[in-house]
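**Q** Attaching a predicted model along with its sequence, questions to come.
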There are 2 protein chains.
Amino acid sequence: MPRERKSVNSDVTTADRLIPVAAALFRRLGYGQTSTRELALRLGITSATLYHYINGKDDLLFQICSSALTHIDEAVRKATASAPVEKKIEVAIRSHLICALIDSDSHATMLVEMKALPTERKAAIIRQRDQYEELIRTLIVESQQAGVVRADIDAKYVALALLNLLNWSIFWFDPNGSLSESELADVLSKVFLDGVRASEP
Amino acid sequence: MPRERKSVNSDVTTADRLIPVAAALFRRLGYGQTSTRELALRLGITSATLYHYINGKDDLLFQICSSALTHIDEAVRKATASAPVEKKIEVAIRSHLICALIDSDSHATMLVEMKALPTERKAAIIRQRDQYEELIRTLIVESQQAGVVRADIDAKYVALALLNLLNWSIFWFDPNGSLSESELADVLSKVFLDGVRASEP
DNA sequence: GTCTATACTTCGATAGAC
DNA sequence: GTCTATCGAAGTATAGAC
């Protein structure tokens, strides 16, 4: 029986590297400052070969944005579905952060470079983003109805405050720093749920 | 006595419009996607005339970033200096938001397009940003020492959580929406200081 | 799937007249 | 302070051979 290579194959193909390498460059330089030549150089191919994989530069940005949003929506939806209502927010915070920080190049690019997409594709991404924000809002509403979350602030703004806390973390979190993804989830859960005011002594 | 025009002059010159118009375009399209021709068009001049005011395109981005950071640092520093320690954080939240949301094009551009600056200028802006973040961190430390803010979370992360809350607001706040800048400050102060957990019934 | 070569466009910036 | 005209560089993308 001949030595098989297939799923046991650990080769990383150019196709596999395309999106991660593009996301890293778009994040560091910005979409508009990243040339297809520079991207090809990093991939070890010529810019002509790059066009064997894509139809245009914005294909890359669209795929990055779309898959980032698909992944985080699925992750948070699945994790919160099976959690008891008192734990849904903590579970959402943790699953969101794990997903966004593990692939932070894609998520940072999605959040910041979305605007560079052509009109129709931008609209599609914005619909996806709105759908995810709707998921978060629903979690807040459920928590309010269960008496777990204060109801004196409109769920809409509670949800946006939570997204503030989660989204901007991507831009300063250091995977080699003193805090792990999970520890950051603990910190943000504490701040979001209990606030930073000192309890009475 | 001839009809004088000077400080009573309400003419808006091209020089005055330069930065605001550039900031609005950079925000909507991104720095890399904004051409000097498009900018000149919006100003009602040619791109050649634009170069009477600037030495290069990145002058505009640098001025936007630098003045945004100078203004917010001054505003928050001044407002918090005269506030009692129990009120410093609320005052910081309010003054930060007022400053950032009134000139949201500049602040959004600073936060997101900073990376497009040439190396030295980028370093200068990052120093300015770090100095502002240091101001926020100092306010947290002072509040912890006064027993106003919980001390079981490192001031560094309390400050970053606060900056998350403040910075990302710029990207969804709608000046024509149902919430004013001041009302948003109230909401974020409540969430940050007291958390969203429902109090015992 | 990768290359060389290059077409075509747009960009940032300058020269020099008014 | 504004223009017309234009340069040279860099960009995206394609043609066609291997």
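**A** Done, it's in. Please read all numbers here as calculations on a predicted model, not as lab measurements.
**Q** Any regions of chain A where pLDDT drops low?
**A** A:1-9, A:201 (pLDDT under 70).
**Q** Does anything pack onto the longest helix anywhere in it? Which helices or strands?
**A** In chain A, taking DSSP state H as the definition, the longest helix is helix A:119-145. Applying 3 or more C-beta pairs under 8 Å, 6 or more residues apart in numbering or on different chains; DSSP states H and E, we find helix A:119-145 packed against helix A:57-81, helix A:88-102, helix A:155-167. Backbone N, C-alpha and C define where each C-beta goes, glycine included.
**Q** okay, the angle between the second one and helix A:57-81?
**A** It stands for helix A:88-102. 150 degrees (axes from the mean of the first three to the mean of the last three C-alpha atoms, to 10 degrees).
**Q** what's the angle from helix A:88-102 to helix A:119-145?
**A** Helix A:88-102 and helix A:119-145 meet at an angle of 150 degrees, taking the same axes, to 10 degrees as the criterion.
**Q** Wondering if the helix or strand following helix A:88-102 reaches chain B at all.
**A** Next in sequence after helix A:88-102, counting helices and strands by DSSP states H and E, comes helix A:104-113. Yes - on the criterion C-beta under 8 Å from any C-beta of the partner chain, helix A:104-113 is in touch with chain B at A:112-113.
**Q** one step back: so for the longest helix of chain A, what gets flagged as buried?
**A** A:121-122, A:125, A:128-129, A:132-133, A:135-137, A:139-144 (16 or more other C-beta atoms under 10 Å in any protein chain shown).
**Q** that older thread, export the helices and strands packed on helix A:119-145 to TSV and tack on distance to DNA strand C and mean neighbour count?
**A** Formatted as TSV, those follow (distance: least, C-beta to the nearest atom of the strand, whole Å; neighbours: other C-beta atoms under 10 Å in any protein chain shown):
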stretch	distance to DNA strand C	mean neighbour count
helix A:57-81	13	19
helix A:88-102	26	21
helix A:155-167	28	22
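**Q** Report how many residues lie close to the residue nearest to residue A:100 when sequence neighbours are not counted.
**A** Nearest residue to residue A:100, sequence neighbours excluded (C-beta to C-beta, 6 or more residues apart in numbering or on different chains): residue A:107, at 4.4 Å. Residue A:107 has 26 neighbours, counted by other C-beta atoms under 10 Å in any protein chain shown.
**Q** Tell me if I am right that residue A:45 is in a helix.
**A** No - read with DSSP: H, G, I helix; E, B strand; the rest coil, residue A:45 is coil and lies in no helix.
**Q** and the residue of chain A found nearest DNA strand C, how many neighbours?
**A** Per C-beta to the nearest atom of the strand, residue A:48 is where chain A lies closest to DNA strand C, at 2.9 Å. Taking other C-beta under 10 Å as the neighbour definition, residue A:48 ends up with a count of 9.
**Q** Run through who's touching the helix or strand encompassing it.
**A** Using DSSP H and E, residue A:48 sits in helix A:47-53. Contact with helix A:47-53 is made by A:14-15, A:18, A:36-37, A:39-40, A:43, as judged by C-beta atoms under 8 Å, 6 or more residues apart in numbering or on different chains.
**Q** would TSV of these with distance to residue B:58, secondary structure and neighbour count be doable?
**A** As requested, those are arranged in TSV below (distance: C-beta to C-beta, whole Å; DSSP: H, G, I helix; E, B strand; the rest coil; neighbours: other C-beta atoms under 10 Å in any protein chain shown):
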residue	distance to residue B:58	secondary structure	neighbour count
A:14	33	helix	15
A:15	35	helix	10
A:18	30	helix	19
A:36	22	helix	17
A:37	21	helix	11
A:39	22	helix	22
A:40	25	helix	18
A:43	28	helix	18
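**Q** near DNA strand D, which residues of chain A show up?
**A** Proximity of chain A to DNA strand D, by C-beta under 7 Å from any atom of the strand, involves residues A:34-38, A:47-48, A:51, A:55-58.
**Q** 6 Å - rerun?
**A** By C-beta under 6 Å from any atom of the strand, the residues of chain A that approach DNA strand D are A:35-37, A:47-48, A:51, A:56-57.
**Q** returning to what we had before: and the longest helix of chain A with helix A:104-113, angle?
**A** Using the same axes, to 10 degrees: helix A:119-145 against helix A:104-113 is 100 degrees.
**Q** Quick check: residue A:199 touching residue B:150?
**A** Yes - at 7.1 Å, residue A:199 and residue B:150 qualify as touching, with contact defined as C-beta atoms under 8 Å.
**Q** When these two are compared, which one has more neighbours?
**A** Each of residue A:199 and residue B:150 has its neighbours counted (other C-beta under 10 Å); residue B:150 has more, 17 against 8.
**Q** what about the residue in chain A that chain B sits nearest to, which SS state?
**A** Residue nearest to chain B within chain A (C-beta to the nearest C-beta): residue A:32, separated by 1.8 Å. State at residue A:32, reduced to three classes by three-state DSSP: coil.
**Q** okay but it is in contact with residue B:35, surely?
**A** No - contact criterion C-beta under 8 Å: residue A:32 and residue B:35 do not qualify, at 10.2 Å.
**Q** In terms of neighbours, single out the busier of these two.
**A** Each of residue A:32 and residue B:35 has its neighbours counted (other C-beta under 10 Å); residue A:32 has more, 18 against 13.
**Q** any idea how far residue A:72 is from that one?
**A** According to C-beta to C-beta, to the nearest Å, residue A:32 and residue A:72 sit 25 Å apart.
**Q** which residues touch the nearest residue to residue A:142 once chain neighbours are set aside?
**A** Spatial nearest neighbour of residue A:142, excluding adjacent residues (C-beta to C-beta, 6+ apart): residue A:85 at 6.1 Å. Residues in contact with residue A:85 (C-beta under 8 Å, 6+ apart) are A:142-143, A:146, A:148.
**Q** Quick check, residue A:171 in contact with residue A:108.
**A** Yes - contact criterion C-beta under 8 Å: residue A:171 and residue A:108 qualify, at 6.5 Å.
**Q** circling back: what are the phi and psi values at the residue of chain A closest to chain B?
**A** phi -70, psi -30 (degrees, to the nearest 10).
**Q** and it, what does it touch?
**A** Contacts of residue A:32 (C-beta under 8 Å, 6+ apart): A:116, B:30-33, B:116.
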